[in-house]
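Asker: Okay, predicted coordinates and the sequence, questions at the end:
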Amino acid sequence: MLTRFAEGLPVAEIAFFRMLIGSFFIFIAAKAVKVDLSINKRELARFLLYGLVTSFHFFFYIGSVLYTTIAHSLSLVYTAPIMITVLTSFLLKEKIPRYKYIGIFLVILGIIILTGFEVKLTPRMILGDVMALLSALALAIYSVVGRSERKNFPLLKYVFWVYFTSALFLLVWALPSFTMPSSWTSWLVLVLLGLLPTTLGHTLYNAGIRYIHPTYANLISTQEVTGGVLLGAIIFGEVPGMSTVAGILVMLVGLGVVLLENTK
């Protein structure tokens, strides 16, 4: 929702500033609680790889929005829980009960209903759909990496270097159409994007995957779609239709199957 107020800045540039400003806020927080952010050359190489994966998530998501419909993009990006489940099981040997796949299916089905996914394809849309799937794969790898590194780095140290290195790669993606923001409203939006969905949102997500299975954390994060619908209704007066409401309800049922049963 905040990006609507960015006054036409290139989306790749918005992503760059979002991650750069987010890393700045994390830097301040880390210094405030005296977390050592220093790393050695071997760790830097790892974080460059993690930052590249993170930048791919944003870059391919941006590309998917440009080449295919929002419905296709969201529906395919949110197949990430399936990929996370497979990768976590294969790489980290952390499996989830089989019945929870029903909940995963319901959440993804709810997203498809909510966004109004249509089975129509053009060569341009196929390219966008592939980008959306690559974005989901990058998000899945990002999640599994965060889970695997939970014992090696304090949370603030880990997210600072992931955000900062991803910003460096996003700058490369943004350079061909880079335009320095010229209004205070654009800068305000960029600061809020760095603070809210990045410093708070992504950091809480990274904190969550340290304590619960990444699939569960990712399924919870899909509710940003629900939050976006609610904010759209409140801020922009975009009243959701019946299919949107039905999709949200199906998603919530799916989350109930996964999360509520997990407490037993």
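Answerer: Looks like it arrived, so ask away. A quick note: this is a predicted structure, and the numbers were derived from the prediction, not measured.

Asker: Which parts of the chain are strands?
Answerer: Read by DSSP state E, the chain holds no strands at all.

Asker: And the helices in it?
Answerer: 11-32, 41-67, 70-77, 80-91, 100-115, 123-148, 155-174, 184-193, 203-208, 214-221, 224-235, 242-255, 261-262 (DSSP state H).

Asker: ranking the ones you listed by burial, who's on top?
Answerer: Mean neighbour count (mean count of other CB atoms under 10 Å) peaks for helix 214-221 among the helices of the chain, with a mean of 24. The C-beta positions use only the backbone N, C-alpha and C, and glycine is treated the same way.

Asker: what would the helices of the chain look like in a markdown table with mean pLDDT?
Answerer: Output for the helices of the chain, formatted as a markdown table (pLDDT from 0 to 100):
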| stretch | mean pLDDT |
| --- | --- |
| helix 11-32 | 93 |
| helix 41-67 | 90 |
| helix 70-77 | 76 |
| helix 80-91 | 92 |
| helix 100-115 | 85 |
| helix 123-148 | 91 |
| helix 155-174 | 96 |
| helix 184-193 | 88 |
| helix 203-208 | 95 |
| helix 214-221 | 89 |
| helix 224-235 | 69 |
| helix 242-255 | 84 |
| helix 261-262 | 50 |
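
Asker: Quick one: residues contacting the nearest residue to Ala136 once chain neighbours are set aside.
Answerer: In this structure, Ala136 finds its nearest non-sequential neighbour in Ala80, 4.2 Å apart by CB to CB, 6 or more residues apart in numbering. Taking CB atoms under 8 Å, 6 or more residues apart in numbering, we find Ala80 in contact with 136-137, 139-140, 143, 218.

Asker: please redo it, this time with the cut-off set to 6 Å
Answerer: 136, 139-140, 218 (CB atoms under 6 Å, 6 or more residues apart in numbering).

Asker: Kindly provide the distance from it to Ser221.
Answerer: Applying CB to CB, to the nearest Å, the value for Ala80 to Ser221 is 9 Å.

Asker: and what of Ile28?
Answerer: 24 Å.

Asker: right, and Val107 touches Met251 too?
Answerer: Yes: using CB atoms under 6 Å, Val107 is in contact with Met251, at 5.1 Å.

Asker: Distance-wise, check the residue nearest to Ala136 relative to Leu259.
Answerer: 17 Å.

Asker: Likewise for Tyr158?
Answerer: In terms of CB to CB, Tyr158 sits 25 Å off from Leu259.

Asker: How about Val11?
Answerer: 32 Å.

Asker: Same question for Tyr216.
Answerer: Counting by CB to CB, the gap from Tyr216 to Leu259 is 6 Å.

Asker: go on, His202?
Answerer: Applying CB to CB to His202 and Leu259 gives a distance of 20 Å.

Asker: go on, His213?
Answerer: 10 Å.

Asker: okay, those two: which has more neighbours?
Answerer: Neighbour comparison, His213 and Leu259: the larger count goes to His213, with 23 against 15 (by other CB atoms under 10 Å).

Asker: what's the pLDDT at that one?
Answerer: Here the pLDDT value assigned to His213 is 92.

Asker: what do you get for Lys120?
Answerer: Here the pLDDT value assigned to Lys120 is 70.

Asker: cool, Gly201 as well?
Answerer: 89.

Asker: I'd like the distance between it and Leu195.
Answerer: 9 Å.

Asker: do the same with Val189
Answerer: Distance from Val189 to Leu195, by CB to CB: 11 Å.

Asker: show me the contacts for the residue most central in space within the chain.
Answerer: For the chain, the residue nearest the mean C-alpha position is Leu139 (6.5 Å; CA atoms, centre = their mean). Contact analysis of Leu139 by CB under 6 Å, 6+ apart lists 57, 80.
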